[in-house]
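In: A predicted structure for the sequence below; I have some questions about it.
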Amino acid sequence: MKKIILFVLLFVYCNSYSQDLREYYNENKSSNLSYDSILKDGSDIILSRNEEILNEKLKRLQREYIESTGSNFPPAHYFYRYRNLIDSSESYKLLKKMPKGAMLHIHSSAMGPIHWLINTASYYPDCYMYTIEDNEKLPYGTLNFYKPGTEPDGWKSLKNLRNENPDFDNYLHSLLTFDVSDDRNPMIWNKFEKIFTRHGGLIQYYPVFVQYIKNSFDTLIADGMQHIEIRTSLGGVYDINGKVYTKQEVLDIYNKVADTIRQSHPYFSFKIIYAGWRGGTREYVMSSLNSAIDLRFDNPDKLVGFDLVGEEDLGHTTEYFKDEFFKADSIALEKGTNIPFYFHDGESTIPSDLNLYDAVALKTKRIGHGVNLFRFPSLQKNIKEKGISLEVCPLSNQILGYVENLRMHPASEYINKGIPITISTDDPQIFDYNGMTYDFWSIFMAWELDLKQLKRLILNSIEYSAMSDSEKSTSYEHLFKEWDRWVNESIQ
Ligand SMILES: [Zn+2]
């Protein structure tokens with residue numbers, strides 16, 4: 001009898017235990033899932049009927065692609081390793097045509113089409129290459145234009161180099177871009193900076209420069225962008241007679257090219273963020289800030305702010321220049337203008353890199369990268385409350401070695417926490433691709449995004465741009481028209 005009672009009690013106990021756990025499991029899981037889904041940036045977007053249809057199509061393509069590529073899933077590997085698996089996918093073709101709003105993070109001398117630079121610009125007469133080993137200022141392979149006979153020792157004309165090597169153009173391409181051999185390259189920033197020096201004299205040669213800006217804008221527009229914010233110091237443009245153009249003259253070139261483009265694309269716009277170098281001295285940074293303030297005073301609608309660029313882990317901290325930033329703020333105020341900051345910060349995996357705290361304390365408008373923000377929970381909260389958006393450059397972060405597998409990119413967490421982010425490419429020319437589709441496609445796949453989140457990222461790019469309210473409203477108008485057209489065409 002005792003045995004029967006014990007058995008019954010055990011049965012009741014086990015059954016109630018399993019019922020409790022089942023109940024707990026269901027309640028706990030569904031409440032956590034639903035809370036997290038509400039927190040996600042983009043969760044508030046209500047899709048139209050056609051958008052719903054497109055969303056179903058995109059999610060199906062995403063599932064099928066993830067299943068079919070398995071362990072070769074491109075975003076989980078170094079970009080160049082499985083790049084050939086991306087272009088032919090239906091999802092890539094769909095996203096290629098997607099209107100992408102604004103590109104808020106791109107550098108002036110790394111935004112153009114690399115093939116045009118090699119196949120056309122480097123064929124302009126009188127282009128020379130530095131062909132002896134690196135010295136302190138010049139890496140091997142640096143390009144520049146000279147009047148024939150005035151080139152310094154160690155420089156050879158590209159015409160002669162092409163005669164000596166029929167494969168010269170491919171060789172030049174390898175000197176100016178990254179490739180699969182840069183996977184886990186510990187000296188990648190060293191190579192990166194050498195590339196900037198190598199192509200500087202090619203791009204900044206006046207006849208090339210004017211065409212380069214036009215081709216860069218055209219390429220970005222062809223990939224679905226309508227507004228671009230460019231980091232540049234506006235320096236170094238020269239001609240064959242030794243004239244060096246002033247920063248204002250360089251800004252005027254941008255304006256003139258944009259006017260030409262607006263004849264066929266009336267909605268197109270751009271802004272400039274003055275970029276100094278974080279490896280420089282305090283005096284250099286102060287002088288850069290003064291140049292930026294003067295240019296902003298004269299061009300308040302075009303020059304929208306200031307940033308420091310270069311390898312963050314190697315350069316000075318943001319705090320190192322704080323007195324210069326305080327001083328610049330007062331100088332600008334006295335002059336009747338201001339100098340907003342758009343800091344590149346958090347492009348680091350080092351826990352003691354606290355630059356993001358300085359950027360926020362200096363009232364940065366946006367943050368370039370913010371990779372290591374995942375370490376700082378209260379700063380995340382503060383950034384969200386203040387409406388500071390992050391300019392996330394997924395492939396740049398992977399190519400330069402900050403994140404190996406894009407599935408693990410911290411910006412996926414930022415989206416899930418409702419921190420506003422936008423997507424950019426940083427230096428597509430050096431990364432050997434055009435436009436922003438590879439970046440969008442990679443995160444669409446790696447973070448398993450849906451159309452609501454893609455739409456939010458694109459709306460964010462206009463919302464957090466440096467455009468005025470009236471410029472934004474014109475920009476939204478164009479974007480919504482293009483978006484509806486794309487949605488309707490994509491579901492045919
Ligand atoms: Zn950058």
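Out: Here it is on my side, so go on.

In: low-confidence stretches in this structure?
Out: Regions of the chain meeting the criterion pLDDT under 70 cover residues 1-19.

In: please, where are all the helices along the stretch 1-150 of the chain?
Out: 2-39, 49-69, 90-96, 114-119 (DSSP state H, counting those that start in this stretch).

In: reformat the ones you listed as a markdown table; add distance to V180.
Out: C-beta coordinates here come from the backbone N, C-alpha and C atoms, glycine included. Formatted as a markdown table, the helices of the stretch 1-150 of the chain follow (distance: least, Cβ to Cβ, whole Å):
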| stretch | distance to V180 |
| --- | --- |
| helix 2-39 | 36 |
| helix 49-69 | 17 |
| helix 90-96 | 19 |
| helix 114-119 | 16 |
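
In: I'd like those helices as CSV, with distance to K417 and mean neighbour count appended.
Out: Output for the helices of the stretch 1-150 of the chain, formatted as CSV (distance: least, Cβ to Cβ, whole Å; neighbours: other Cβ atoms under 10 Å):
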stretch, distance to K417, mean neighbour count
helix 2-39, 6, 10
helix 49-69, 22, 15
helix 90-96, 24, 19
helix 114-119, 36, 18
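
In: closest one to V487 among these?
Out: Smallest distance to V487 across those (Cβ to Cβ): 5.1 Å, for helix 49-69.

In: the helices of the stretch 1-150 of the chain: which one's closest to T474?
Out: So among those, helix 49-69 is nearest, using Cβ to Cβ, at 22.9 Å.

In: that closest one packs against which elements?
Out: With contacts taken as 3 or more Cβ pairs under 8 Å, 6 or more residues apart in numbering; DSSP states H and E, helix 49-69 sits against helix 90-96, helix 437-446, helix 451-463, helix 469-490.

In: most tightly surrounded among these?
Out: helix 437-446 (a mean of 25; mean count of other Cβ atoms under 10 Å).

In: just want the angle from that one to helix 49-69.
Out: 80 degrees (axes from the mean of the first three to the mean of the last three Cα atoms, to 10 degrees).

In: list of residues touching helix 437-446?
Out: Identification of contacts with helix 437-446 by Cβ atoms under 8 Å, 6 or more residues apart in numbering yields 58, 62, 65-66, 73-76, 79, 86, 89, 91-92, 95-96, 98, 100, 223-224, 393-395, 405-407, 409, 411-412, 423-425, 449, 454, 457.

In: can you name the residues in contact with stretch 174-192?
Out: When contacts are defined by Cβ under 8 Å, 6+ apart, stretch 174-192 is touched by residues 78, 80-81, 114, 117-118, 141, 195, 198-199, 311, 314, 399-401, 427, 429-432.

In: chain center to it, what's the gap?
Out: How far stretch 174-192 lies from its chain's middle: 18 Å, per Cα atoms, centre = their mean, to the nearest Å.

In: hang on, the earlier thing: quick one: closest of the helices of the stretch 1-150 of the chain to P152.
Out: Closest approach to P152 among the helices of the stretch 1-150 of the chain is made by helix 114-119 (22.5 Å; Cβ to Cβ).

In: would D432 count as being in a strand?
Out: No - assessed with DSSP: H, G, I helix; E, B strand; the rest coil, D432 is coil; it does not lie in a strand.

In: hmm, it is touching P113, no?
Out: No - look at D432 against P113 with Cβ atoms under 8 Å: they stay out of range, at 10.3 Å.

In: contact partners for S424?
Out: Residues in contact with S424 (Cβ under 8 Å, 6+ apart) are 103-106, 391-393, 436, 439.

In: which one among these gets closest to N338?
Out: Checking the contacts of S424 against N338 by Cβ to Cβ gives L104 as the nearest, at 19.2 Å.

In: ok so, going back, and D432 and P113? which has more neighbours close in?
Out: Neighbour tally, D432 and P113, criterion other Cβ atoms under 10 Å: the higher count belongs to P113, 22 against 18.

In: how much space between the more buried one and L362?
Out: Separation of P113 from L362 (Cβ to Cβ, to the nearest Å): 35 Å.

In: give the buried subset of the contacts of stretch 174-192 as a PyMOL selection command.
Out: Of the contacts of stretch 174-192, the buried ones can be selected in PyMOL as follows, counting by 16 or more other Cβ atoms under 10 Å:
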select buried, resi 78+80+114+117+118+141+195+198+199+311+399+400+401+427+429+430+431+432
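
In: returning to that earlier point: any chance of the helices and strands packed on helix 49-69 in JSON lines, plus distance to S181?
Out: Listed next are the helices and strands packed on helix 49-69 as JSON lines, based on distance: least, Cβ to Cβ, whole Å:
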{"stretch": "helix 90-96", "distance to S181": "24"}
{"stretch": "helix 437-446", "distance to S181": "19"}
{"stretch": "helix 451-463", "distance to S181": "31"}
{"stretch": "helix 469-490", "distance to S181": "37"}
